[in-house]
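Chemist: Sequence and predicted structure, then a few things I'm wondering about:
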Amino acid sequence: MIAKLVLENLKHRPVRSLLSVLLIAGPVTLILSLVGLTHGMSEDTQRRQRGAGADIVVRGSTASSALTFSGASVPEGLTGAIEKQPHVRMAMGVINHNVELPLVVTGIDMQAFNQFTGGFTYLAGHGLEADNDILLDRYVAQQKKAEVGSSVKVLNQMWHVAGIIETGKLVRMAVKLHILQELDAARGKVTQIYVKVDDPANIPTVVPELKALLPSYSVETMAELIAAFDFNRIQGVSAFTTVIVVLGVVFGLIVVCLSMYMAVLQRTREIGILKAIGAGKTFILEIILLEALVMGIGGTILGILMSYVAYGLIRALVPASLTIIIVTSWWPIVGGITMVGAALGSLYPGWNAASHDAIEALSYE
Amino acid sequence: MSSAPVIEIQDLRKTYRVGQVDVPALRGVDLAVQPGEFLSIVGPSGSGKSTLFHIIGGLTPPTSGKVRIMDQDLASLSDAGRTRLRRRTVGFVFQKFNLLPNLTARDNIAVARYLGGGSQKADPQFDEILRLLGISQRLGHKPNALSGGEQQRIAIARAVVNRPAILLADEPTGNLDTANSKAVLEILRDLNQRTGQTILMITHNTEAAAYGHSTVHMRDGQIVQRTGA
């Protein structure tokens, strides 16, 4: 019977109910989109780093975090010295330059890159040939509306799009190594050197050897580097997520509180009727609480659906700059957050309704 | 009608506090109502009729005096106790019908039955009452699709669904035309005669008051006269 009363109450004022659900859905979408972005960008970066096929990475001594991608402080000549180490099969230096965060253009030696990684999968066009050639992965090409043969402006230079490549192999945008070195005034320098060993079992042996050889450089396994790309481990990101989640709870609480307070005011007479026919405080409180929870469930479902809209929009508008995924494991979390907000938000109006004087409520017009 | 009274009131007083001013609504009411009695209460506005109903119905506590309903002393009842009284012992019928607007007539009755702890299964005796009220075909409608007379019949059905000892009808014909007023009054008399339902009815109308076995006249918070049986 309580469920029927709650549903009929929600149906009786559909605009108020729908607006409340929509307002609850807002923070749900916000939280899910934020989580989708942090997870998506982490996973995308990890996938591309994994796609290089390297076992170890050597970076400059100033590389303080996983996101330190710009700058070229590693002498290119170290590549040869590294390749001479036992169990090292191959080493490849690349230079990175941040374009527009988080997009990075990477300078590569085409021949070395092909040998090291097995080469790109070309969706259209070919590899780097001319000095002004650039390769774009499918998402950058989509975002920049570029195609093979067209020109794109990157680093204040006009580049000829030589090929569109499948995403997932280290780079989003690639130009010739020596061209980017000259543009960065870093001739003979690279940002990092990727190292491939003869057998993964030898990685623990090679890493200390390289550390001994290159004491002033950062030497990490790729597993360590990839793990560092977990956005929640990056300072500030998890705190930011927490702030958004707390805002979501507070916002949901305020929305439910206002909505239910309005509902209680509108239903003063009905509450009086219920009391006159024997409804106690608990019954009235139950109705208000359950109504808030139903709106919370509705808001969660709508918020999840709206997160798909956000996903579609981000994928359509900035597929390369922002990588978003749908993180289903957060659905119950965000649902729980919404329910807590809804329950807390309904307490005051619920108590207010339960405490109405029946006689005054019955005379309310 | 010579058994123990179903309602026994002695020196009942009720004073409302309006701002800084005490407003006496009842000034020493004495009343006894026997089981199965149909009692009309008449009096001008402000004479204390509704306050008397609200106290008997457990909607508000008395300021002083003794009120016993079915051997329960209202003064000793907590808020929860008065709520239980409204569920099982007393049923209300109001002038403005006071049906829940978002529920059908059937659900309005079902809510009262639910609150009274009654079974939702078929109840032949209550079905007979619905037939008596002539609303069996209108139960699927919401109040806004029902006439005033139909709404008041639904309100009566809701009030008696838990078979309360006492039915309190506060100006039940106040919002009805002559034909519907007559119909509702006959229904109340029928209920009283067929089921022995104790009924207290407030009215301004002397013709309506004549439907009761006896009539109590109130003025200035006191009972000034009792006429009839």
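Modeler: Thanks, I have the structure now. Numbers count the residues shown, from 1 in each chain, chains lettered A, B, ... in the order given.
Chemist: C-alpha from now on. contacts and neighbour counts both.
Modeler: OK.
Chemist: What is the burial count for residue B:117?
Modeler: Using other C-alpha atoms under 10 Å in any protein chain shown, residue B:117 has 12 neighbouring residues.
Chemist: Residue A:230 too?
Modeler: Per other C-alpha under 10 Å, the neighbour tally for residue A:230 reads 18.
Chemist: so what's it closest to, chain neighbours aside?
Modeler: Distances taken as C-alpha to C-alpha, 6 or more residues apart in numbering or on different chains put residue A:42 closest to residue A:230, at 5.4 Å, once the chain neighbours are dropped.
Chemist: so the one you found touches residue A:227, yeah?
Modeler: No - proximity of residue A:42 to residue A:227 does not meet the contact threshold set by C-alpha atoms under 8 Å, at 9.3 Å.
Chemist: out of those two, which sits in the more crowded spot?
Modeler: Shown here are residue A:42 and residue A:227; by other C-alpha under 10 Å, residue A:42 has more neighbours (20 against 14).
Chemist: what helix or strand does the more buried one sit in?
Modeler: Here residue A:42 sits within helix A:14-51, counting by DSSP states H and E.
Chemist: what mean pLDDT does that helix have?
Modeler: What helix A:14-51 shows for mean pLDDT is 87.
Chemist: in that helix, what's buried?
Modeler: By neighbour count on 16 or more other C-alpha atoms under 10 Å in any protein chain shown, the buried set for helix A:14-51 is A:16-18, A:20-51.
Chemist: Please work out which residues outside the helix or strand just after that helix touch it.
Modeler: Once the chain leaves helix A:14-51, the next helix or strand it forms, by DSSP H and E, is strand A:56-59. For strand A:56-59, the surrounding residues in contact (C-alpha atoms under 8 Å, 6 or more residues apart in numbering or on different chains) are A:74, A:191-196, A:203, A:207, A:217-222, A:225.
Chemist: If we use 6 Å, what do you get?
Modeler: A:192-195, A:217-222 (C-alpha atoms under 6 Å, 6 or more residues apart in numbering or on different chains).
Chemist: Show me which pair in those is furthest apart.
Modeler: Spanning the widest gap among the contacts of strand A:56-59 are A:217 and A:222, at 15.1 Å by C-alpha to C-alpha.
Chemist: what does chain B have sitting close to chain A?
Modeler: Proximity of chain B to chain A (C-alpha under 6 Å from any C-alpha of the partner chain) is limited to residues B:83, B:86-87, B:102, B:112.
Chemist: where exactly do the helices run in the stretch 101-250 of chain A?
Modeler: In the stretch 101-250 of chain A, the helices defined using DSSP state H, counting those that start in this stretch lie at A:110-117, A:138-143, A:177-183, A:203-213, A:222-228, A:237-266.
Chemist: Turn the ones you listed into a markdown table, including distance to residue A:316 and mean pLDDT.
Modeler: Below are the helices of the stretch 101-250 of chain A laid out as a markdown table (distance: least, C-alpha to C-alpha, whole Å; pLDDT from 0 to 100):
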| stretch | distance to residue A:316 | mean pLDDT |
| --- | --- | --- |
| helix A:110-117 | 29 | 93 |
| helix A:138-143 | 8 | 91 |
| helix A:177-183 | 29 | 94 |
| helix A:203-213 | 41 | 93 |
| helix A:222-228 | 27 | 85 |
| helix A:237-266 | 24 | 83 |
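Chemist: can you tell which of the ones you listed is closest to chain B?
Modeler: With C-alpha to the nearest C-alpha, the closest approach to chain B among the helices of the stretch 101-250 of chain A belongs to helix A:237-266: 12.1 Å.
Chemist: Summarise which helices and strands that closest one is packed against.
Modeler: Where contact means 3 or more C-alpha pairs under 6 Å, 6 or more residues apart in numbering or on different chains; DSSP states H and E, helix A:237-266 is packed against helix A:331-354.
Chemist: could you dump the helix it packs on to PDB, C-alpha only?
Modeler: What follows is helix A:331-354, C-alpha atoms only, in PDB (Å, rounded to 0.1, in the frame of the first residue of the first chain):
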ATOM      1  CA  TRP A 331      27.200   2.500 -11.200                       C
ATOM      2  CA  PRO A 332      26.500   0.900  -7.800                       C
ATOM      3  CA  ILE A 333      28.800   3.300  -6.100                       C
ATOM      4  CA  VAL A 334      27.100   6.400  -7.600                       C
ATOM      5  CA  GLY A 335      23.800   4.700  -6.900                       C
ATOM      6  CA  GLY A 336      24.800   4.400  -3.300                       C
ATOM      7  CA  ILE A 337      26.000   8.000  -3.100                       C
ATOM      8  CA  THR A 338      22.600   9.100  -4.600                       C
ATOM      9  CA  MET A 339      20.600   7.000  -2.200                       C
ATOM     10  CA  VAL A 340      22.500   8.400   0.800                       C
ATOM     11  CA  GLY A 341      22.000  12.000  -0.500                       C
ATOM     12  CA  ALA A 342      18.300  11.300  -1.100                       C
ATOM     13  CA  ALA A 343      17.700   9.700   2.300                       C
ATOM     14  CA  LEU A 344      19.500  12.500   4.100                       C
ATOM     15  CA  GLY A 345      17.700  15.100   2.000                       C
ATOM     16  CA  SER A 346      14.300  13.700   2.800                       C
ATOM     17  CA  LEU A 347      14.800  13.500   6.600                       C
ATOM     18  CA  TYR A 348      13.900  17.100   7.400                       C
ATOM     19  CA  PRO A 349      10.900  17.400   5.100                       C
ATOM     20  CA  GLY A 350       9.800  13.900   6.300                       C
ATOM     21  CA  TRP A 351      10.000  14.800   9.900                       C
ATOM     22  CA  ASN A 352       8.300  18.100   9.200                       C
ATOM     23  CA  ALA A 353       5.400  16.200   7.500                       C
ATOM     24  CA  ALA A 354       5.200  13.700  10.300                       C
END
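Chemist: what sits up against it?
Modeler: Residues outside helix A:331-354 that contact it (C-alpha under 6 Å, 6+ apart): A:249, A:252-253, A:256-257, A:260-261, A:281, A:284-285, A:288-289, A:292-293, A:296, A:300.
Chemist: I'd like the distance from the helix or strand just after it to the chain centre, please.
Modeler: With elements assigned by DSSP H and E, the helix or strand that comes after helix A:331-354 is helix A:358-362. Centroid separation between helix A:358-362 and its chain, computed with C-alpha atoms, centre = their mean, to the nearest Å, is 53 Å.
Chemist: now stretch A:353-365
Modeler: Mean-position distance between stretch A:353-365 and its chain equals 50 Å (C-alpha atoms, centre = their mean).
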